[in-house]
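Participant: sequence plus the predicted model coming up.
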Amino acid sequence: MFAVPLAHAATEGDLSGARAQMGFSLAWHIVVACLGVGLPLLTLIAEWLGWRTGDPALRILARRWARGMGVLFAVGAVSGTILSFELGLLWPGLMGRYGQVIGLPFALEGIAFFIEAIFLGVYLYAWDRLPPGKHLLTGVPIVIAGVASAFFVVCANAWMNQPRGFELSRDGRVVSVDPWAAMFNPAAPPQTTHMILAALMVAAFLTASVYAVALLRGRRDRYHRAGFFIPFTVGAVVTPFQLVVGDWAARFVAHYQPTKLAAMEGVYRTGSHVPLTVLGISNGHSGLKYGLEIPSGLSLLIGYSPDTVVRGLSEVPRSRWPAVTGVHLAFDLMVGAGLFLLLMGVWLVLAWWLRRRTGADGVLSVPGTRAFLTLAVLTGPAAVVALECGWVVTELGRQPWVVQGVMTVRHAVNPAPGLLNGLWLVLVVYFGMTVATVYVLRRLARDQPVPIAPQESDVPRYPVT
């Protein structure tokens, strides 16, 4: 293990400022990035359904979502660029030493980004220049490139959890670099799959939440019903798969990062018959208090047997412990939000079944519709909470390491003074971007549905209020 310090150590304030700045930037960007992955798929589904059925409401829906997609892509490009600068400016110890190891996925992500930008331009400006079928095909590369971008970036993060593809010489130099082995590290499969499904869920449920509000306000026309049911159905279908993948990811952590698992579940002592504790806070040295314990629950989940041994935090020095309370509560919130979304999907299936059984005019005519829509408004925020908490677990649970077992955060940070000042600047910039993004999206929602295109003369005959 090597941890080569920089010339001067950063102060505690600057280190905290750098971590807060990077954490805030990532938390903001990841929501926009998820919309960039999931919204193109939703748009293509709406466009395909409109093309196949001839329904003008679906055509208008696809056009409006496409306009929002263009705005979010531009905003995501800006916030992503800020992050790329922050990697070099805030963490030169990491990028200077290991940039040659992990540079490949960042380069491939750049290629995917440019492919997405090219086809997004074609897609947005070819509505009135291509036949509907060919125009639909121009959107397929957008979806593929968006998923690829997420895959490559998360591969880089997975490497930080399971560093591979290099060796360290006796004097601490990086040698024998294998970028492909670094990118396809053991953490990449579960982590990338988990993230891509999370992106689809965030985009689907956030979009559905907007239309759930409209439906609660009495806008029950075809346009708003489709705007709700298309994304909500996609989210409901993805959620069960996400829970399975989440279980896979947790088992991976149990095997490869036992200290992170111990922090996630508040396990201090190694042993079998370890209970699963819901909520609770750390008492600082031996366990969790104020939580609900399920006897032998964690051992059963990890190894399908109460005799499964779970390693505790006592296995490592206290200086290597993550922030137990923060990691544990974030993990519980993520799981709780995921279960809520799963139950909402089950509710949708039951509503469809009840509609068929009773012969109601539609799903929104069955009993309990208002309660369902009220909770559906919360699915978007719940998906975002699950996303953010998942990243808190991933990053905070790895502390104090920036690269697991190889480099600590303190040795990666820029030793220059004044990093705390950059945090205030970033907060101002992101506040401005948030206000501008919300303003533009609201204006798009209130404007006329879409520009009139020659092949869609039905658009002016279908006003949307």
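Facilitator: Sure thing, it's come through.

Participant: got the contact list for Leu441?
Facilitator: By Cβ atoms under 8 Å, 6 or more residues apart in numbering, the residues touching Leu441 are 68, 71. Every C-beta, even on glycine, is put in place using the N, C-alpha and C of the backbone.

Participant: check the gap between it and Leu206 for me.
Facilitator: Distance, Leu441 to Leu206, using Cβ to Cβ, to the nearest Å: 11 Å.

Participant: strands along the stretch 101-250 of the chain, start to end?
Facilitator: If DSSP state E, counting those that start in this stretch is used as the criterion, the strands of the stretch 101-250 of the chain fall at 167-168, 174-175.

Participant: out of the ones you listed, nearest to Gly266?
Facilitator: strand 167-168 (33.2 Å; Cβ to Cβ).

Participant: list the strands paired with the closest one, with their directions.
Facilitator: If you go by DSSP bridges, strand 167-168 pairs up with strand 174-175 (antiparallel).

Participant: could you give the mean pLDDT of the helix or strand that contains Val435?
Facilitator: Following DSSP states H and E, one finds Val435 within helix 419-446. For helix 419-446, the mean per-residue pLDDT is 87.

Participant: repeat for stretch 352-362
Facilitator: For stretch 352-362, mean pLDDT rounds to 77.

Participant: name the residues that touch that stretch?
Facilitator: 225, 363, 365-367.

Participant: taking these one by one, which sit in helices?
Facilitator: With helices taken from DSSP state H, the overlap with the contacts of stretch 352-362 comprises Arg225.

Participant: of the contacts of stretch 352-362, buried ones?
Facilitator: 225, 363, 366 (16 or more other Cβ atoms under 10 Å).

Participant: surely the first one touches Ala208?
Facilitator: Read that as Arg225. No - Arg225 lies out of contact with Ala208 (Cβ atoms under 8 Å); the separation is 11.3 Å.

Participant: overlap of the contact sets of the two?
Facilitator: Counting by Cβ under 8 Å, 6+ apart, Arg225 and Ala208 have no shared contacts at all.

Participant: residue boundaries of the strands in the stretch 251-400 of the chain?
Facilitator: Going by DSSP E, counting those that start in this stretch, the stretch 251-400 of the chain shows strands at 276-278, 281-282, 288-289, 292-294.

Participant: quick one: closest of those to Gly422.
Facilitator: Here strand 281-282 is closest among the strands of the stretch 251-400 of the chain (Cβ to Cβ), at 31.0 Å.

Participant: ok, and what's touching the closest one?
Facilitator: Strand 281-282 is contacted by residues 266, 288-291, 324-325, 328-329 when judged by Cβ under 8 Å, 6+ apart.

Participant: pull out the buried positions in stretch 218-227.
Facilitator: Buried positions in stretch 218-227, judged by neighbour count with 16+ other Cβ under 10 Å: 219, 221, 223-227.

Participant: what does stretch 114-125 give?
Facilitator: Buried residues in stretch 114-125, counted by 16+ other Cβ under 10 Å: 115-116, 119-120, 122-124.

Participant: now do that stretch: distance to the chain's middle.
Facilitator: 23 Å (Cα atoms, centre = their mean, to the nearest Å).

Participant: contacts for it next, please.
Facilitator: With Cβ under 8 Å, 6+ apart as the criterion, stretch 114-125 contacts 36, 66-67, 69-70, 73, 77, 135, 138-139, 141-142, 145-146, 149.

Participant: C-alpha coordinates for that stretch, PDB please?
Facilitator: This file holds the C-alpha atoms of stretch 114-125, laid out as PDB (Å, rounded to 0.1, in the frame of the first residue of the first chain):
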ATOM      1  CA  PHE A 114     -20.100  13.700 -29.200                       C
ATOM      2  CA  ILE A 115     -22.100  11.000 -30.900                       C
ATOM      3  CA  GLU A 116     -25.100  11.800 -28.700                       C
ATOM      4  CA  ALA A 117     -24.700  15.600 -29.600                       C
ATOM      5  CA  ILE A 118     -24.600  14.900 -33.300                       C
ATOM      6  CA  PHE A 119     -27.700  12.700 -33.400                       C
ATOM      7  CA  LEU A 120     -29.500  15.000 -31.000                       C
ATOM      8  CA  GLY A 121     -29.000  17.800 -33.500                       C
ATOM      9  CA  VAL A 122     -30.300  15.700 -36.300                       C
ATOM     10  CA  TYR A 123     -33.200  14.500 -34.300                       C
ATOM     11  CA  LEU A 124     -34.300  17.900 -33.200                       C
ATOM     12  CA  TYR A 125     -34.000  19.600 -36.500                       C
END
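
Participant: select the longest helix from the chain.
Facilitator: Scanning the chain for the helix with the most residues, using DSSP H, yields helix 12-53.

Participant: so how far is that one off the chain centroid?
Facilitator: Distance of helix 12-53 from the chain centroid (Cα atoms, centre = their mean) equals 7 Å.

Participant: touching, Leu288 and Leu329? I think so.
Facilitator: No - Leu288 lies out of contact with Leu329 (Cβ under 8 Å); the separation is 10.0 Å.

Participant: just give the closest residue to Gly103, not the sequence neighbours.
Facilitator: Closest residue in space to Gly103, ignoring its immediate chain neighbours: Pro179 at 6.9 Å, by Cβ to Cβ, 6 or more residues apart in numbering.

Participant: hang on, that neighbour packs against Phe166?
Facilitator: No - in this structure Pro179 lies outside contact range of Phe166 using Cβ under 8 Å: 9.1 Å.

Participant: now do the buried residues in stretch 227-240.
Facilitator: Buried positions in stretch 227-240, judged by neighbour count with 16+ other Cβ under 10 Å: 227-236, 238-239.

Participant: what's that stretch in contact with?
Facilitator: Residues from elsewhere that reach stretch 227-240 (Cβ under 8 Å, 6+ apart): 38, 41-42, 45-46, 49, 61, 197, 200-201, 203-205, 207-208, 210-212, 214-215, 338, 341-342, 344-345, 348-349, 363, 376, 379, 383.

Participant: now it: average pLDDT?
Facilitator: 95.

Participant: please apply the same query to stretch 383-396.
Facilitator: What stretch 383-396 shows for mean pLDDT is 94.
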